[in-house]
Structures are given as C-alpha cells and as structure tokens.
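*Asks:* Return a 3D structure for these sequence lines:
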Amino acid sequence: MLGALVLIDGAGFAAIDSNLNGDAPEVDEAWLGKVERAGLAAQSVMWPDAMGAAVEGFVKAAADLAAALEAGDAAAAAPLATAAHEAQAAVSEGAYAAVAGMAGSGNDAGATLGALGAINLAGIGSIEAALTGDAPEIDPAWEGRVANARVAALALIWPGESQAAADAFVEAATALEAAVKGGDVAVATEAAVAASKARATLSTRGYGALSGMRQTAESNGAIIASLAAVDAAAFHTIDEALNGDAPEISAAWAGRVTTAKRAVQTIRWSADVQALADAFAKAASALETQLTAKEPDLEKAAAAAAEAHAAQHAFSDKAYAALGGAVGAH
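*Replies:* Residues are numbered from 1 along each chain as shown. Model (predicted):
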C-alpha cells in the first residue's frame with residue numbers, strides 16, 4: 001500500500017484542485033500523467049476490504065479528471081479536481097490508518113522501498129527550511145504529513161543498520177508532530193532540524209541496504225515505489241539545467257540519482273522491462289560519477305544527464321505500460 005500511496009499522494013491533487021478552482025484556472029500538461037499514474041497505482045495493489053468503496057471512488061474520480069485534463073477543459077475539470085482531491089484524501093487517510101495497525105509487518109525490499117518513498121514524500125526537509133527561514137510560521141497541514149511519515153517508519157522491520165536510524169527518526173518525527181500541534185514555532189524549529197537530519201540518515205541507510213537486495217522484489221507495490229523514486233529524481237530537470245545556458249551542478253542531484261538507481265535495481269523486472277532497467281541503471285551510474293567528481297566536467301556531466309534522461313524515459317514508459325497490463329495481478 002505504501003508504494004501506491006507515494007504515487008497517489010504525490011500526484012498533487014490538492015494543488016490541481018486549488019489551481020482549477022482559483023482565480024486563473026489553467027490546465028498544466030504535466031498533470032495528466034500524474035493523475036493517470038495515481039489511478040493506475042490504486043488499481044495495482046491490494047487494499048483492506050474496508051477500503052474497497054473509497055478506492056473504487058478514487059479510481060473513477062481520477063479517470064474522470066484525467067479525461068477532462070486530456071481535453072484541456074479547465075472549466076469541466078474544476079469540479080472533477082475537487083472530487084478527485086476529496087477521494088484521494090479519503091484513500092490516503094484510510095490507508096495510513098490501516099498501516100498504523102500493522103506496525104512491524106513488513107521486512108522485505110519492497111516494503112522498505114514503499115516506506116522510504118512515503119517518508120520522503122512528507123517533505124520534512126521543506127518543513128525545516130520553512131521554519132529556519134526569515135519568517136517562520138507553522139502550517140497545520142504539516143502535522144498530518146509528519147504523522148504519515150512516522151507511521152511508514154513503524155510499518156516494517158528495517159534491514160541492517162537502518163533499523164536504528166528508523167527508531168531515531170520515529171522519535172524525532174513524534175517530537176515534531178507534537179510541536180506542530182502545539183503551535184510553538186521555536187520548539188517546532190528545533191524538532192524540524194532534528195527530524196530532517198534523522199530522515200536523511202534513514203534514507204541513506206535504507207537505500208544503502210537495498211544495494212544488497214538486488215532483484216529481490218517483484219510485487220506491484222514494490223514496482224510502483226521504485227517508479228516513484230525514479231520520477232522523484234527529476235532527470236528532466238537535471239538534463240535541462242546541465243544543457244542550458246548556465247550549467248551548474250546542484251549538490252542535491254547525486255543523492256536523488258543514486259536513490260533512483262538503487263530502487264530500480266531492487267526490482268526483478270519482467271523480461272521485456274529488465275533490459276531497459278539495466279540500461280537506465282548504467283546511465284544513472286555514469287551520471288552519478290559525473291555529479292560526485294571532485295572536479296566536475298560540466299560538458300561530460302551534461303552528456304551523461306541527457307543519456308540518463310533518455311534512458312529513464314524509455315524505461316519508465318515500458319515499466320508503466322507493463323504495470324498497466326498487470327492490473328489485478330497483485
């Protein structure tokens with residue numbers, strides 16, 4: 001479930017709803033793919049029986065919204081965006097409640113991928129940045145995001161050294177959740193710094209542990225979590241930046257590329273996808289090398305970014321298509 005939630009909650013239904021029902025509604029062409037993939041994710045995994053109606057409602061709402069987005073009709077899409085947003089929130093709330101009741105139930109590579117994706121989706125780094133900025137103010141929405149990350153961290157028995165990191169993260173997230181609820185900016189700021197540091201450690205150790213579990217996961221949930229990690233790496237942005245007018249390497253890119261590579265290598269892909277997955281991992285490794293060089297060569301980094309971006313597209317298109325053909329095979 002956590003793997004599916006990464007795509008469902010990460011699709012940005014709240015932002016789509018807000019935009020289309022705001023003062024200047026306009027359809028963003030990037031929304032269609034996100035909405036379609038969220039609907040696909042919902043259909044690809046097993047959900048608790050009690051969530052059947054909520055999931056069915058979300059799948060229909062996402063499909064209706066996707067049709068309006070494809071037509072480019074902002075007026076028609078506006079009420080559908082609200083309905084899809086409400087349906088997404090219902091699925092997310094129900095799923096995290098179910099996960100909270102299954103603490104320590106997962107211990108494989110797929111569960112680890114899903115939990116890491118859900119934790120990263122909470123955006124604890126952005127919470128830290130907001131609270132340590134010039135005008136710190138608590139956003140009430142943070143409480144739910146941090147709570148979901150805490151639940152995800154508690155959902156499994158973590159591999160190797162990452163268990164200690166998960167325990168530390170849960171402690172830090174619990175403190176941040178309480179501070180946000182209490183509305184004390186100073187306390188929340190201190191808690192956010194600690195939680196952000198703990199999340200980074202857990203991410204490093206968790207994805208690091210996956211390097212020893214190559215091609216061990218093959219469930220739809222694990223596949224979705226892996227694809228979400230690839231999407232989050234934003235290869236298009238890296239390619240565009242390095243091949244633009246003022247190329248410069250961002251320190252944040254290397255970690256995202258490494259995460260995407262390890263996520264893809266964790267899955268045992270179907271025969272028609274595996275070759276593209278291997279090609280992507282190879283291209284990602286080449287880009288990773290350029291991004292982490294002591295004396296980066298921007299020309300070589302730009303070429304590696306373009307190759308990795310192309311490989312990512314070829315792989316992702318095939319993998320999502322294969323997933324669509326496997327809907328119902330959980």
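
*Asks:* Give me the below-cutoff pLDDT ranges for the stretch 151-300 of the chain.
*Replies:* The stretch 151-300 of the chain contains no residues with pLDDT under 70.

*Asks:* need the helices for it, in chain order.
*Replies:* Per DSSP state H, counting those that start in this stretch, the stretch 151-300 of the chain carries helices over the ranges 162-182, 185-210, 220-232, 235-242, 253-266, 271-291, 298-325.

*Asks:* Can you tell me which of the ones you listed is packed in deepest?
*Replies:* Mean neighbours per residue, mean count of other CB atoms under 10 Å, is largest over those for helix 220-232, with a mean of 25. C-beta here means a position set from N, CA and C on the backbone, and glycine is covered the same way.

*Asks:* want to try JSON lines for the helices of the stretch 151-300 of the chain, with distance to L20 as columns?
*Replies:* What follows is the helices of the stretch 151-300 of the chain, written out as JSON lines (distance: least, CB to CB, whole Å):
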{"stretch": "helix 162-182", "distance to L20": "29"}
{"stretch": "helix 185-210", "distance to L20": "31"}
{"stretch": "helix 220-232", "distance to L20": "22"}
{"stretch": "helix 235-242", "distance to L20": "24"}
{"stretch": "helix 253-266", "distance to L20": "29"}
{"stretch": "helix 271-291", "distance to L20": "34"}
{"stretch": "helix 298-325", "distance to L20": "25"}
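
*Asks:* and S92, which of these is closest to it?
*Replies:* Between S92 and the helices of the stretch 151-300 of the chain, the tightest spacing by CB to CB is seen for helix 220-232, at 14.4 Å.

*Asks:* which secondary structure elements does the closest one contact?
*Replies:* If contacts are counted by 3 or more CB pairs under 8 Å, 6 or more residues apart in numbering; DSSP states H and E, helix 220-232 sits against helix 2-10, helix 29-44, helix 109-121, helix 253-266, helix 298-325.

*Asks:* For A67, find the nearest of these.
*Replies:* That would be helix 29-44 among those, by CB to CB, at 9.5 Å.

*Asks:* returning to that earlier point: which among the helices and strands packed on helix 220-232 is found nearest to N21?
*Replies:* That would be helix 29-44 among the helices and strands packed on helix 220-232, by CB to CB, at 13.8 Å.

*Asks:* who's in contact with E190?
*Replies:* By CB atoms under 8 Å, 6 or more residues apart in numbering, the contact list for E190 reads A179.

*Asks:* how far away is it from D184?
*Replies:* 10 Å (CB to CB, to the nearest Å).

*Asks:* Where does the prediction get shaky in the stretch 1-150 of the chain?
*Replies:* In the stretch 1-150 of the chain (pLDDT under 70), no residue qualifies.

*Asks:* can you redo the helices and strands packed on helix 220-232 as JSON lines with distance to R199?
*Replies:* Compiled in JSON lines, the helices and strands packed on helix 220-232 are given as follows (distance: least, CB to CB, whole Å):
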{"stretch": "helix 2-10", "distance to R199": "15"}
{"stretch": "helix 29-44", "distance to R199": "23"}
{"stretch": "helix 109-121", "distance to R199": "6"}
{"stretch": "helix 253-266", "distance to R199": "12"}
{"stretch": "helix 298-325", "distance to R199": "25"}
